[in-house]
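*Asks:* how would this look folded up:
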Amino acid sequence: MIDIKTDREIEIMREVCKIVAIAHEEIKKSLKVGMTTREIDEITERVFKEHGANPSCKGYPHGSKNPFPAATCISVNNEVIHGIPGERVLRDGDLVSIDIVADKNGFYGDATRSYVVGKGTPEAYEIIEAAEKSFWAGVKAAQPGNRISDISHAIQDSAEKRGYSVVREFQGHGIGKEMHEEPGIPNFGKPGKGPRIMPGMTLAIEPMINEGSPDIEILDDGWTVVTYDGKLSAHYENTVFIGRNGPEVLTIL
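*Replies:* Numbers count the residues shown, from 1 in each chain. Alright, predicted model coming up:
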């Protein structure tokens, strides 16, 4: 069942989504060659604590035998999503995707950014730009009265026109009182399918695109997803509110 938020619930979500956006700004300012992925994770935790929010990824899913051990999913180069922070040192040219989720007062906010550390290659900058453009294509399609797969199709079309592939095993999702709610939002598919987009929906729209093949595999840690061919991947995500007059991105300052 898709949860339609009230005006009051949207105001609560605005607050937690702003905290997520603030954390991303702090990370962006701090990101540099030589820092560890654990140091990025510490920035996320600090910002959340300062604003009274909880790091939702840490310990998720609750009761699991293998819960995620950190506040931040940090994926480097060929890592698609769910990379675990640790003592890995970032090198000049690394492509780093940083996915953070916070909860406060019973509601969640979720956003991902991809960055180049140091100078980087044209290929790294180009795939990051393509991921962002795919997101905005999806947002443009997220109009009241459209279907969820209209978002999916717009993302796929944008990415593939630029020569990239979209990951099919993972997808965007509804968000609100839970980190993951209905509906699921694939990053591919034919338009005109799935639930109708309605005012009051809150969606985490998140293209994950690969430089080469769309195929992925999960590493032995049970979390880190990598490209099967070892090529680059980029990820861009925001929490989006569907208003009466169209979509509004909540996780951008």
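
*Asks:* count of neighbours near the closest residue in space to M13 that isn't next to it in sequence?
*Replies:* The spatially closest residue to M13, leaving aside those adjacent along the chain, is F107, at 4.9 Å (CB to CB, 6 or more residues apart in numbering). All C-beta spots, glycine's among them, are computed from the backbone N, C-alpha and C. By other CB atoms under 10 Å, 23 other residues sit near F107.

*Asks:* what residues are up against F107?
*Replies:* With contact taken as CB atoms under 8 Å, 6 or more residues apart in numbering, F107 is in contact with E9, I12, M13, V16, G176, K177.

*Asks:* Who wins on neighbours among these?
*Replies:* Among the contacts of F107, the one with the most neighbours (other CB under 10 Å) is V16, at 28 neighbours.

*Asks:* and that one, that's in a strand?
*Replies:* No: the assignment for V16, made by DSSP: H, G, I helix; E, B strand; the rest coil, is helix rather than a strand.

*Asks:* and the host helix or strand of V96, what other elements does it pack with?
*Replies:* Here V96 sits within strand 95-104, counting by DSSP states H and E. If contacts are counted by 3 or more CB pairs under 8 Å, 6 or more residues apart in numbering; DSSP states H and E, strand 95-104 sits against helix 7-30, helix 37-50, strand 54-55, strand 72-76, strand 79-81, strand 107-116, helix 122-141, strand 233-235.

*Asks:* how much does the first one deviate in direction from helix 37-50?
*Replies:* Here helix 7-30 points in a direction 140 degrees away from that of helix 37-50 (axes from the mean of the first three to the mean of the last three CA atoms, to 10 degrees).

*Asks:* how much space between the closest residue to A142 other than its chain neighbours and D7?
*Replies:* In this structure, A142 finds its nearest non-sequential neighbour in P247, 4.4 Å apart by CB to CB, 6+ apart. Taking CB to CB, to the nearest Å as the measure, P247 falls 16 Å from D7.

*Asks:* ok, the two, which is more surrounded?
*Replies:* Legend: neighbour count by other CB under 10 Å for P247 and D7, higher for P247 (22 against 7).

*Asks:* tell me which element that one is part of?
*Replies:* Judged by DSSP H and E, P247 forms part of strand 246-249.

*Asks:* and that strand, C-alpha only, in PDB?
*Replies:* In PDB, the C-alpha atoms belonging to strand 246-249 read as follows (Å, rounded to 0.1, in the frame of the first residue of the first chain):
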ATOM      1  CA  GLY A 246       4.400  18.600  -9.500                       C
ATOM      2  CA  PRO A 247       7.500  17.200  -7.900                       C
ATOM      3  CA  GLU A 248       9.700  18.900  -5.400                       C
ATOM      4  CA  VAL A 249      13.200  17.700  -4.400                       C
END
